[in-house]
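**Q** got a sequence here, can you build the structure:
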Amino acid sequence: MYAVRDGAAQDSAQVRVLPGILSEAVAELHDRLLDWAKLPEGPFPVAEVLGCFHSFGKHFVPLSLLQALDAARAASVAQDADSPLPRFLDCALDKLDDTYSYRSYLGLPLLTDARPPQRVTRPGSGPGSGCDELLILLMADLVRHECRPREGAEPPRLMVPPVGLSAKRARLALRLLCPALNRVAVSASLPEAAELSKRAQALVDDRTDDLPGARALAEEIWRIFPEERRQRVDMSLLPVYVVDDEYLFIRTLQAYELVFMELAAATAEAGDAVRRGRIPEATELMRGCASTLRENRQLFSLQATMRAEAFLKFRGYTLGSSAIQSEGYKAFEALFARPDEDRMGSLAYASVPRVRELVAHRGTGLVDDVVSAEAEAAADPELRAALVEVDETHQQWKRTHLRIATRMIGDEPGSGNTDGVAYLRSVMDNKVFPKDLKGLKDLKDPKEPS
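**A** Numbers count the residues shown, from 1 in each chain. Alright, predicted model coming up:
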């Protein structure tokens, strides 16, 4: 049963079931969608649909409107199956279709065509700086959201954070996008990005609560990219409820997934390089992975600003979507070292069938490739040092994730049918590299005494 939020009870986040009853604005949108489905000419009302989903939350969008969207989806596929619109409607209708998952919750099909172990690319484009550009757009949009005017904001949100907390989030997001801005200034021929990075860093260093200034800067950053790309990022955010912190939650999880997709791709490329005897190339790729992990560790600082009481307000409506379904993370782990049979048979890998297929097809991970390669690979001190650095930094990520999860959900079960925090504790010892590295006798556990 779908429910409509009771506007008179916003502060208590109560809902009342109103089957078949639509507000005037929603009824008008419903009729527009049916008209468009009959004759799919002219622009589709994306902004209006997004506004409705943000006003109700995906879990509470009226069933009649979902049915109208389903009719529009059929027309959109017939019109142009490769356009972003069918993907948007698939993500919007995932609960109706019973296809709701981590991937659809995060709108990943709208952000990139890539799947592990491919590099993150812009939809419909070839290789490029897709990951950096998307991270910039995600963080710039988060700043725009956090720094929006509080009075008369539409749609109304529950548990809007205080100004000081929003300012902190804005600073953390701006700090995260600065390195990516500097890179796209070169890789995407956007010279203005370097100047915007300097201004963003200056605002971060000032540590002010200047929300209008941060929003204005975020708007400038947002608009250096084409409208089509910005619209895809807009379309990728479909919260399940109306609690304000879910905006932060989705944007940070999207960023995590993109980062791990890039790490998985770099790891696959390093394995290929080792197989071909290109050890310096593999070493540089691994150094890049360590740098990426360090740079994006700040995502945890950003996610840690989410308030536990706010998270618990919307968490129940995310059941069925869980980070255990993250293809990017599992591919990263598996491409470093092929998981043992127990790990491959666990819920962690049962949740990512595409990664299981990848492991079966590839056969070995990077560590296996190094061990079985010529002595040059196994003995190369720079490659070994890079591998240890990635492993150590990855373990830091896992420890931080465990601390945040413990604060947020305590002993509650996980949303992916796991034991939640207890599950995270149980996999803390699943290092990227096994302790016994066969031929790599000199590659010690970073925490073990030498």
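
**Q** pLDDT wise, what is the one residue sitting closest to the centre of the chain at?
**A** The residue lying closest to the centre of the chain (CA atoms, centre = their mean) is Gln254, at 1.3 Å. Gln254 carries a pLDDT value of 97.

**Q** for the one 3 residues further on, same thing?
**A** Model confidence at Glu257, given as pLDDT, is 95.

**Q** buried ones in stretch 397-405?
**A** 397-398, 400-401, 404-405 (16 or more other CB atoms under 10 Å). (Each C-beta comes from the backbone N, C-alpha and C, glycine too.)

**Q** mind listing what the residue nearest to the centre of the chain touches?
**A** 106-108, 111, 134, 138, 236 (CB atoms under 8 Å, 6 or more residues apart in numbering).

**Q** just the buried ones from these?
**A** 106-108, 111, 134, 138, 236.

**Q** from the residues you listed, which land in helices?
**A** Within those, residues falling in helices by DSSP state H are 108, 111, 134, 138.

**Q** and Arg115, what's its pLDDT?
**A** 89.

**Q** from Glu281, how far out is it?
**A** 24 Å (CB to CB, to the nearest Å).

**Q** hmm, back to that, from the buried ones among the contacts of Gln254, which is closest to Glu389?
**A** Leu134 (25.4 Å; CB to CB).

**Q** that closest one against Leu108, yeah?
**A** No. Using CB atoms under 8 Å, Leu134 is not in contact with Leu108, being 10.4 Å away.

**Q** how about Val160, nearest residue that isn't a chain neighbour?
**A** Nearest non-adjacent residue to Val160, counting by CB to CB, 6 or more residues apart in numbering: Asp244, 4.8 Å away.

**Q** Asp244 against Pro161, yeah?
**A** Yes. In this structure Asp244 lies within contact range of Pro161 using CB under 8 Å: 6.4 Å.

**Q** let's see the pLDDT reported for the closest residue to Ala304 other than its chain neighbours.
**A** Using CB to CB, 6+ apart and skipping residues adjacent in sequence, the residue nearest Ala304 is Ile404, 5.5 Å away. Turning to Ile404, the model gives it a pLDDT of 77.

**Q** and Ile404, what is it in contact with?
**A** Ile404 sits next to 300, 303-304 when contact means CB under 8 Å, 6+ apart.

**Q** from Phe249, how far out is it?
**A** 11 Å.

**Q** so what's in contact with the two at the same time?
**A** Shared contacts of Ile404 and Phe249, counting by CB under 8 Å, 6+ apart, come down to Gln303.

**Q** domains of this protein?
**A** 4-99, 130-426 (automatic domain parsing).

**Q** is it possible to get CSV of those domains that adds distance to Val120?
**A** Listed next are the domains of the chain as CSV, based on distance: least, CB to CB, whole Å:
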stretch, distance to Val120
domain 4-99, 16
domain 130-426, 4
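
**Q** most tightly surrounded among those domains?
**A** Of all these, domain 130-426 has the most neighbours on average by mean count of other CB atoms under 10 Å, namely a mean of 19.

**Q** got the CA positions of stretch 219-236 in PDB?
**A** Output of stretch 219-236 as PDB, limited to C-alpha atoms (Å, rounded to 0.1, in the frame of the first residue of the first chain):
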ATOM      1  CA  GLU A 219      26.600  26.800  -8.800                       C
ATOM      2  CA  GLU A 220      29.600  28.100 -10.800                       C
ATOM      3  CA  ILE A 221      31.200  24.700 -10.500                       C
ATOM      4  CA  TRP A 222      28.000  22.900 -11.400                       C
ATOM      5  CA  ARG A 223      27.600  24.900 -14.600                       C
ATOM      6  CA  ILE A 224      31.000  24.200 -16.100                       C
ATOM      7  CA  PHE A 225      29.500  20.900 -17.300                       C
ATOM      8  CA  PRO A 226      26.900  20.500 -20.100                       C
ATOM      9  CA  GLU A 227      23.200  20.500 -19.200                       C
ATOM     10  CA  GLU A 228      22.700  16.900 -20.300                       C
ATOM     11  CA  ARG A 229      25.300  15.700 -17.800                       C
ATOM     12  CA  ARG A 230      23.800  17.800 -15.000                       C
ATOM     13  CA  GLN A 231      20.300  16.500 -15.700                       C
ATOM     14  CA  ARG A 232      21.500  12.900 -15.400                       C
ATOM     15  CA  VAL A 233      22.900  13.700 -11.900                       C
ATOM     16  CA  ASP A 234      19.700  15.400 -10.900                       C
ATOM     17  CA  MET A 235      17.700  12.400 -12.100                       C
ATOM     18  CA  SER A 236      19.900  10.000 -10.200                       C
END
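
**Q** pLDDT below threshold where in the stretch 101-250 of the chain?
**A** Low-confidence segments of the stretch 101-250 of the chain, defined by pLDDT under 70, span residues 122-129.

**Q** what do you get if the cut-off is 80, keeping everything else the same?
**A** 121-129, 151-154 (pLDDT under 80).

**Q** quick one: the helices in it?
**A** Assigned by DSSP state H, counting those that start in this stretch, the stretch 101-250 of the chain shows helices spanning 102-105, 108-111, 130-146, 163-187, 192-206, 211-222, 227-235, 245-275.
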